[in-house]
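Peer 1: just need the structure, nothing else, for what follows:
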Amino acid sequence: MGTETTRPAVGTALPPLEIPITRTLIVAGAIASRDYQDVHHDAELARQKGSPDIFMNILTTNGLVGRYITDHFGPPAVLRKVVIRLGAPNYPGDTMVLTGRIEELDDEAGTATVRVVGANSIGNHVTGTVTVALTGRTVDRVTVTVPDEEDA
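Peer 2: Now for the predicted structure:
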């Protein structure tokens with residue numbers, strides 16, 4: 001028979017992840033995602049446009065949300081759907097804390113849907129859900145049946 005581990009139930013919380021929001025993270029994320037809007041790298045032009053400083057773009061936020069999920073579920077995790085909404089900006093010098101809670105487990109599809117919130121000192125920066133596929137082998141904290149060699 002296959003090998004199994006105990007998986008969490010719907011409602012299980014993922015451990016929080018603290019991400020320091022630095023100028024380097026904001027600018028590097030904008031460059032990496034080819035977002036050259038000045039509000040993501042030029043503090044003076046950001047202020048001229050009404051922002052107190054540069055701020056993180058949605059593509060960097062999306063990448064950090066994906067990292068949070070894949071770091072938790074491990075290498076076999078494949079992001080299937082990410083739906084996020086931005087709220088309070090992420091400014092340099094702040095910290096964003098990502099938290100998650102499993103909302104749904106679909107045994108037939110082999111997926112978990114996680115509700116994610118990323119909060120900073122001024123409010124929720126990001127909220128949304130991520131559906132992740134868990135296939136191929138036993139994953140920490142999630143049951144995935146793996147056939148033994150004699151069963152294959």
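Peer 1: flag the shaky bits of the protein, pLDDT-wise.
Peer 2: Residue ranges of the chain with pLDDT under 70: 1-8, 136-152.
Peer 1: quick check: longest helix in it by residues?
Peer 2: Secondary structure assigned by DSSP state H gives helix 58-73 as the longest helix of the chain.
Peer 1: which other helices and strands does the helix or strand following that one contact?
Peer 2: Scanning forward in sequence from helix 58-73, with DSSP states H and E defining helices and strands, the next element found is strand 77-86. Using 3 or more Cβ pairs under 8 Å, 6 or more residues apart in numbering; DSSP states H and E as the contact criterion, the secondary-structure elements in contact with strand 77-86 are helix 58-73, strand 123-134. Glycine gets a C-beta too; all of them are placed from N, C-alpha and C.
Peer 1: rewinding a little: tell me the angle the longest helix of the chain makes with strand 123-134.
Peer 2: Using axes from the mean of the first three to the mean of the last three Cα atoms, to 10 degrees, the direction of helix 58-73 lies 50 degrees away from that of strand 123-134.
Peer 1: who's in contact with the spatially most central residue of the chain?
Peer 2: Note on the chain: the residue nearest the mean C-alpha position is residue 65, at 1.5 Å, using Cα atoms, centre = their mean. Neighbouring residues of residue 65 by Cβ atoms under 8 Å, 6 or more residues apart in numbering: 82, 84, 98, 116, 118, 126, 128, 130.
Peer 1: just put those in JSON lines and tack on neighbour count and distance to residue 27.
Peer 2: Supplementary listing: the contacts of residue 65 in JSON lines, determined by neighbours: other Cβ atoms under 10 Å; distance: Cβ to Cβ, whole Å:
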{"residue": "82", "neighbour count": "16", "distance to residue 27": "23"}
{"residue": "84", "neighbour count": "18", "distance to residue 27": "21"}
{"residue": "98", "neighbour count": "24", "distance to residue 27": "21"}
{"residue": "116", "neighbour count": "23", "distance to residue 27": "24"}
{"residue": "118", "neighbour count": "26", "distance to residue 27": "19"}
{"residue": "126", "neighbour count": "23", "distance to residue 27": "19"}
{"residue": "128", "neighbour count": "18", "distance to residue 27": "24"}
{"residue": "130", "neighbour count": "25", "distance to residue 27": "25"}
